[in-house]
Every structure is written in structure tokens, then in C-alpha cells.
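Novice: sequence isn't available, so here's the structure alone:
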């Protein structure tokens, strides 16, 4: 299930921006992107987020920076010496070639990389980690609120799809029932033709063949299982707990029964219903990937 939340925080001379986002995934793939110099932060975040997020490809990212006023400028004597030596070499080479260079200004030299360092005090990473973690519950709540809103829309959509499956299943049952007498008559006619052209008939073998033909043409079990799957899916959606994996398995069972219904239909109308069932079931399978 998709979701996104962000927040800004500040403490101990630092400011940060944290983001938590997720996209669809069958399982939980949690990625943490944080500065590695804050001891224990990644492990703490992984544990806290893992308790609230059960499914999806989720990413937590943290961008942190020290406030500028916390730094104190100091001169780097070694780097200054290197710069002045290089400057002297350049000026001497220019003079040897008869070239005249503009005088160097102190501000130009101080602006060179490494001449001025920003001295910073040591950071208490434990206190900083605790400050960041204190902001996490609010971030997770906002993230889950977005996922819940999407979940409510998804719940309504899937209930409508299950209603379509139930309606199509009832239509398939009605067609199968209306064809029962016709199927029996066709079977009797075919049997009569066989008996007319056969001198000796093995009654036991004939009974077995008739039973097999009857089973091949009967879609009662498929219809019963489709109805049972609809009931099971509705119960899962109403449970209020993470059911994504169970629904994913149930979609496979839905598809299996629809395929069998098509293969056993021997009727244009029944085949059409079977194809409609497969189309709706495929739509549900796509949506189930968004369910936690």
C-alpha cells in the first residue's frame, strides 16, 4: 500500500528533514537511509517502523545538517603555507616570463578550500538519536493515516468486485441448472446411438464412462467453491487485521475455479460468464497487492 509522510525537526544545534514512504510490495522491504555517524539510529528506526508497517516497500530517509552558528572559523596553518608556497611559485614563474599578475588579496586566499576550517564541538550522538526518535511517532501516525485513507477506498472497491463475482457466480449456477435437463437428454441420445451400433456392451464400463461424462459436465462444485471464496474474502476484509497474504492466496483459488468453470462449461453462455469472472478476479488480484 502506498503512503508518504515527512516532518522537520531541530535539536542540539542540528536541523533535519525525515521522510517515510512506501509503494506496493508482496512482503515488507524496509530501507533505512540515515547518517552512519549517529550510533544506533538505523537499528532503532528499523525496530520502531517494523512494529507499525507490515507490508510494502518502505523507505525512511533522514537529511540532517548542523546549524551554521554552531561552527567557529579557525585558520589551517598547514594549508595556508601550502597555498602561499604555490602562490609564490606561480608569481615567480610569471616574472620569469615577463608577465605581470594582479596582487593577491587576503580575502582571495582565505576563500580557498581548506585555508579556513569550521571547528565544531563534539556531538552527543546518543542525545541526538533520542531527539530524532522522539519525532518518529508523529511521522508514523501521519504515514499510517494516509495508508488508512487509501485502505478505505480500496476496501470499497474490493467489496464491489466481490459483489460482481457473487452475481456472476449466481448467473453461472442458473445457466447450469437450466441446462441440466438438456444435458441429460443429450447424454441419453448419445448413449442410444452407441447401443444401436454395438452388439455387446460391458455394463460396468458403460456405467463408469457415464459417470465420468456427468462429472466433466457438472460445475456444481466450482460454483459452490466460488461462493465459499466470496464469503471468505468478505470475512477477511471485515476482520480489520493485516490480510494481504491470505487474500493473495485466495485470489489464486478464485482464478483456479474460474478456469475450471470455463473448461467444463460446454456452453457459450457459461463460457462467457467464466471469462467475465476471470476479468474481475484479475482486477482483484492487482488490488490485493496493495493490501497490508
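Specialist: Looks like it came in fine. None of the values given here were measured: they were computed from a predicted structure.
Novice: residue 11 reaches residue 133, doesn't it?
Specialist: No - proximity of residue 11 to residue 133 does not meet the contact threshold set by CB atoms under 8 Å, at 11.1 Å. Glycine gets a C-beta too; all of them are placed from N, C-alpha and C.
Novice: low-confidence ranges in this structure?
Specialist: Confidence mapping of the chain against pLDDT under 70 gives the ranges 1, 26, 68-73, 116-123, 181-217.
Novice: quick check: domain ranges of it?
Specialist: The chain breaks down into these domains under automatic domain parsing: 3-68+132-145, 72-119, 147-288.
Novice: between those, which one is nearest to residue 126?
Specialist: domain 3-68+132-145 (6.9 Å; CB to CB).
Novice: you'd agree residue 250 is up against residue 236?
Specialist: Yes - here residue 250 reaches residue 236: they are 7.3 Å apart, a contact under CB under 8 Å.
Novice: show residues contacting stretch 146-158.
Specialist: Stretch 146-158 has contacts (CB atoms under 8 Å, 6 or more residues apart in numbering) with 1-5, 22, 233, 237, 284, 287-288, 290-292.
Novice: what about the strands in this protein?
Specialist: Ranges of strands in the chain, per DSSP state E, are 3-11, 14-23, 28-33, 56-66, 72-75, 116-119.
Novice: distance check, residue 143 against residue 59.
Specialist: With distances taken as CB to CB, to the nearest Å, residue 143 is found 11 Å from residue 59.
Novice: the more surrounded of those two?
Specialist: Per other CB atoms under 10 Å, whichever of residue 143 and residue 59 has more neighbours is residue 143, with 23 against 15.
Novice: which residues touch the more buried one?
Specialist: Residues in contact with residue 143 (CB under 8 Å, 6+ apart) are 3, 4, 5, 20, 21, 22, 53.
Novice: quick one: it from residue 46, how far?
Specialist: Between residue 143 and residue 46 the distance is 15 Å, computed by CB to CB.
Novice: kindly report the same for residue 62.
Specialist: For residue 62 relative to residue 46 (CB to CB), the value is 13 Å.
Novice: how about residue 225?
Specialist: On the measure of CB to CB, residue 225 and residue 46 end up 41 Å apart.
Novice: which of these two has more neighbours?
Specialist: residue 225 (17 against 14).
Novice: how close does the nearest residue to the more buried one once chain neighbours are set aside get to residue 237?
Specialist: Distances taken as CB to CB, 6 or more residues apart in numbering place residue 257 nearest to residue 225, at 5.1 Å, with adjacent residues excluded. Noted for residue 257: a distance of 19 Å to residue 237, by CB to CB.
Novice: tell me which of these two has more neighbours.
Specialist: Set side by side, residue 257 and residue 237 show more neighbours around residue 257, with 23 against 17, by other CB under 10 Å.
Novice: how near is the closest residue to residue 126 other than its chain neighbours to residue 237?
Specialist: Excluding the flanking residues, the one nearest residue 126 by CB to CB, 6+ apart is residue 39, at 6.9 Å. Separation of residue 39 from residue 237 (CB to CB) stands at 43 Å.
Novice: between the strands of the chain, which one is closest to residue 172.
Specialist: strand 56-66 (35.5 Å).
Novice: just the buried residues of the closest one, please?
Specialist: 56, 57, 58, 60, 62, 64 (16 or more other CB atoms under 10 Å).
Novice: now, the most widely separated pair of those?
Specialist: The most widely separated members of these are 56 and 64, with 24.8 Å between them, by CB to CB.
Novice: now do the helices in the stretch 1-150 of the chain.
Specialist: In the stretch 1-150 of the chain, the helices defined using DSSP state H, counting those that start in this stretch lie at 41-52, 77-96, 106-110, 125-178.
Novice: okay if I get the ones you listed as JSON lines plus distance to residue 244?
Specialist: Formatted as JSON lines, the helices of the stretch 1-150 of the chain follow (distance: least, CB to CB, whole Å):
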{"stretch": "helix 41-52", "distance to residue 244": "15"}
{"stretch": "helix 77-96", "distance to residue 244": "57"}
{"stretch": "helix 106-110", "distance to residue 244": "60"}
{"stretch": "helix 125-178", "distance to residue 244": "11"}
